[in-house]
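**Q** sequence below, structure please.
(chains A and B, ligands or ions: 2)
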Amino acid sequence: MAAITLKNIVKKYGDGFAAVNDVSIDIADGEFVILVGPSGCGKSTLLRMIVGLEDITSGDMMIGDRKVNDLAPRDRNLAMVFQNYALYPHLSVYENIAFPLRLAGAPDQEVDEKVRNASKTLELDEHLERKPGNLSGGQRQRVAMGRAIVREADAFLFDEPLSNLDAKLRGQMRTEIARLQKRLGITTVYVTHDQTEAMTLGDRVAVLKRGYLQQLATPRELYENPGNLFVAGFIGSPPMNFLPAEVDGTTVTLPFGTVQIPEEKAERAQGKGVLMAGIRPEFFEDAQIADKVGSDSTFTADIDFVEWLGNETYAYIPFEAPPEVEAKMRELEADLEGEGLRTQLVVSLDGSSRIKEGDKAEIYVDATKMHLFDPATGENLTVDREHAGEIPDHALVTAG
Amino acid sequence: MRKIGLVAGVGAVLVWCLLPVVWIISLSFKSQAAVSGGTDPGFLPLDSFTGFANYADVLADDQFRRAIINSIGISLIATLLSVMIATLAAYAIARLEFKGKKLVLTTALAIAMFPVVSLVSPLFDLWRTIGLYDTWPGLILPYMSFTLPLAIWTLSAFFREIPWEMEQAAQVDGATSWQAFRKVIVPLAAPGVFTAAILTFFFAWNDFVFGITLTSTENARPIPAALSFFVGPDPFQRPAGLLAAAAVVATIPIVLIVLVFQRKIVAGLTSGAVKG
Ligand SMILES: Nc1ncnc2c1ncn2[C@@H]1O[C@H](COP(=O)(O)OP(=O)(O)OP(=O)(O)O)[C@@H](O)[C@H]1O
Ligand SMILES: [Mg+2]
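**A** Ligands and ions are numbered 1, 2, ... in the order given. As a prediction, this is how the structure comes out:
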């Protein structure tokens, strides 16, 4: 077991494409770190540099206190689970799991003991003699895990291990991975672009965009204190609402009306012209139901469309945005792979709300949790630095 | 209706292909006198049936035994070397980026398209000068150079099918490049390796042109060439029965080899699903 330290890691591919730019991440011994970001942001590249399958253009890769930049994969003592598992089709499940031990020249008895241990943990006992080609997706996934855990590796690396499974199995395997990691207490780096996996599995989550680290923080910190527009829009589902906003004193003017925000937040947002306000869907509530309604924090809106999910209701409210905000939102949408950032507000109301399509409804908003972003740089002006993990400087100037 | 058509079609093809073989087998059981005298013109050897006499004669013949040994030895060595070299070359071509890769591939193809006959007389002169004439290596070399291109092309197609990740997984699991190649890539490419082996063996075993021009004694003369020199006890009469028996004996190894390899190919294909 060991800590993994990435220091100013850069990767330029042969064709000159810079896939990873100046990424620094400290992963503590036993920590579970998630790499997340839209497709093509360099997650896999980063992971493959850790394991040694990709050369490092510049920067230092440390495992424990050993610099491993120039070590071959087999000298790094890491275990990896590939996206399509990469099981050896010509070997039985038993031999697949035993493969790393056999390479290490372990005696048969030790191999047998360890393989049986791993197969018991992963409930593969009755499949040991079968070939991987005949197994189900979930079983193959477990074999791949088995191959990783038989060795006493210094760390586990996962590259989207669950993306080939159906939704239900994905949920099961997710809990299984979490449990296994906690039990073995082994340092883990896990690549995904699934929100839920990122939020539930990780001790900390690193959000990447186009090869740049945007923020490295616990899931809660990311959710409550995103460092910039990109992180704010990426984390959370349905995503955060972005609205044009003007701040005057503690009064914020939104397309629907005005709301009050706390003084310290207002202070940091003075005199910056039109800003973008970020409000999560669940900060809204049907004023009929909400318990702490003040007249200064409710507004009336035309409800365009309603989705009732039982425990909650999503209501959609269109609004007009000035061109500069609109342009910014298009840009952000492209960055986020078009995760539906229309100029409409998505509000999440309690399931008991009776609001219907076409209603003029009164909506309450908890403005104290609102974030204000500078549309030019994407920086979150109201971020609570104490509780936002690490935000590299470049994430505050190039973002958005 | 369609079934009957299918059966009839398959039957026709079978008869077309197998008739000469059956005929040769039938001939090999007839006595020498009956064949040359035409006393037993029927398809089945009836009153001229001699049992395995022809076979016994053939196997007792020293020249023939030498030829069989030559053929087996030369073909096996050529196949082994050719497949080994082709496997390594194909792996490099499928996996590595290097200068001149295109050149290697096109040259290989060009060689494969070269007519064999056009090379025979220069080779004859060359081999005589450097002392390879009438030796095993003198045949193994041309066999290899004519079968390598095809083997390389077949194998590199197979290697390209194997996901890179197999090999990377092996490396992460602690394998050296060589171990990853030997323990993961080669077993996965086994069907390809055996296909290449069969093709090479066929070529070497059936070759006549090189065999007859590049040899002069039973030192290295392979079976197809030897058969054409085969004379029985009476030099003025082609011993048809003996020749037929010799031809049958010469076919047996190749049938065996194909059967063995075919099983491997099928096993390789079904152990399967290279996909994760
Ligand atoms: N061998 C290569 N040569 C050149 N560019 C490459 C190579 N491999 C990847 N890239 C580029 O590097 C960038 C990052 O790729 P990477 O595979 O790390 O993305 P990712 O974040 O894992 O995406 P995904 O979620 O789709 O798997 C991509 O823009 C890709 O086009
Ligand atoms: Mg990837």
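**Q** from here on, contacts and neighbour counts on C-alpha atoms
**A** Noted.
**Q** ok, now which ones touch A:Asn96?
**A** Counting by Cα atoms under 8 Å, 6 or more residues apart in numbering or on different chains, A:Asn96 touches A:Leu87, A:Tyr88, A:Val143, A:Arg147.
**Q** can you pull the buried residues of the helix or strand of chain A with the lowest mean pLDDT?
**A** The helix or strand of chain A with the lowest confidence, counting by mean pLDDT, DSSP states H and E, is helix A:323-335 at a mean of 81. In terms of neighbour count (16 or more other Cα atoms under 10 Å in any protein chain shown), helix A:323-335 has its buried residues at A:Val325, A:Glu326, A:Lys328, A:Met329, A:Arg330, A:Leu332, A:Glu333, A:Asp335.
**Q** mind exporting the C-alpha coordinates of that helix to CSV?
**A** Provided in CSV are the C-alpha atoms of helix A:323-335 (Å, rounded to 0.1, in the frame of the first residue of the first chain):
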residue,chain,number,x,y,z
PRO,A,323,-27.1,37.6,-25.1
GLU,A,324,-23.8,37.5,-23.1
VAL,A,325,-25.2,35.1,-20.6
GLU,A,326,-26.9,33.1,-23.3
ALA,A,327,-23.6,32.8,-25.1
LYS,A,328,-21.8,31.7,-22.0
MET,A,329,-24.4,29.0,-21.4
ARG,A,330,-24.1,27.6,-24.9
GLU,A,331,-20.3,27.4,-24.4
LEU,A,332,-20.8,25.6,-21.1
GLU,A,333,-23.3,23.3,-22.6
ALA,A,334,-20.7,22.3,-25.2
ASP,A,335,-18.1,21.7,-22.5
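**Q** tell me what that helix is packed against?
**A** In terms of contacts (3 or more Cα pairs under 8 Å, 6 or more residues apart in numbering or on different chains; DSSP states H and E), helix A:323-335 is packed against helix A:229-234, strand A:241-248.
**Q** quick one: the lengthiest helix in chain B near chain A?
**A** The single longest helix within chain B, with elements called by DSSP state H, is helix B:62-95. No - on the criterion Cα under 8 Å from any Cα of the partner chain, helix B:62-95 is out of touch with chain A, staying 14.3 Å away.
**Q** packing partners for that helix?
**A** helix B:136-161, helix B:190-206, helix B:223-229.
**Q** buried ones in the helix or strand just after it?
**A** Following helix B:62-95 in sequence order, the next helix or strand is helix B:101-113 (DSSP states H and E). Residues of helix B:101-113 classed as buried by neighbour count (16+ other Cα under 10 Å): B:Ala108, B:Leu109, B:Ile111, B:Ala112.
**Q** next one: phi and psi at the residue of the stretch 151-276 of chain B found nearest chain A?
**A** Taking Cα to the nearest Cα, chain A has its nearest neighbour within the stretch 151-276 of chain B at B:Gly174, 4.1 Å off. The phi/psi pair for B:Gly174 (degrees, to the nearest 10) reads phi 110, psi 10.
**Q** for it, which non-adjacent residue is closest in space?
**A** Using Cα to Cα, 6 or more residues apart in numbering or on different chains and skipping the chain neighbours, the partner closest in space to B:Gly174 is A:Arg74 (4.1 Å).
**Q** could you verify my assumption that the one you found touches B:Ala180?
**A** No - using Cα atoms under 8 Å, A:Arg74 is not in contact with B:Ala180; the gap is 10.9 Å.
**Q** any common contacting residues for these two?
**A** B:Gln171.
**Q** distance check, the residue in the stretch 101-250 of chain B positioned nearest to ligand 1 against B:Gln171.
**A** Using Cα to the nearest ligand atom, the closest approach of the stretch 101-250 of chain B to ligand 1 is made by B:Trp164 at 12.0 Å. Shown here: B:Trp164 relative to B:Gln171, a distance of 11 Å by Cα to Cα, to the nearest Å.
**Q** okay, those two: which has more neighbours?
**A** Neighbour count, other Cα atoms under 10 Å in any protein chain shown: between B:Trp164 and B:Gln171, B:Gln171 has more, with 24 against 13.
**Q** which strands and helices lie in contact with the host helix or strand of the more buried one?
**A** Per DSSP H and E: B:Gln171 is located in helix B:164-172. In this structure, helix B:164-172 makes packing contacts with strand A:78-81, helix B:177-180, judged by 3+ Cα pairs under 8 Å, 6+ apart.
**Q** tell me the strands beside the first one, with direction?
**A** In the sheet containing strand A:78-81, its partner strands are strand A:155-159 (parallel), by DSSP bridges.
**Q** show me how the chain divides into domains.
**A** Unless you meant another one, I'm taking chain A. Chain A breaks down by automatic domain parsing into domains covering A:4-222, A:228-383.
**Q** chain B was what I was after
**A** Following automatic domain parsing, one gets these domains for chain B: B:1-51, B:59-270.
**Q** any idea of the mean pLDDT in the last one?
**A** For domain B:59-270, the mean pLDDT works out to 87.
**Q** distance from that domain to the middle of the chain?
**A** 6 Å (Cα atoms, centre = their mean, to the nearest Å).
**Q** tell me where the stretch 251-400 of chain A has strands.
**A** A:251-254, A:257-260, A:274-279, A:284-286, A:298-302, A:305-308, A:312-318, A:344-350, A:360-365, A:371-373 (DSSP state E, counting those that start in this stretch).
**Q** go on, the stretch 51-200 of chain A?
**A** Under DSSP E, counting those that start in this stretch, the stretch 51-200 of chain A gives strands at A:58-63, A:66-67, A:78-81, A:155-159, A:187-192.
**Q** which residues in the stretch 51-200 of chain A form helices?
**A** A:93-103, A:108-121, A:137-149, A:167-184, A:195-201 (DSSP state H, counting those that start in this stretch).
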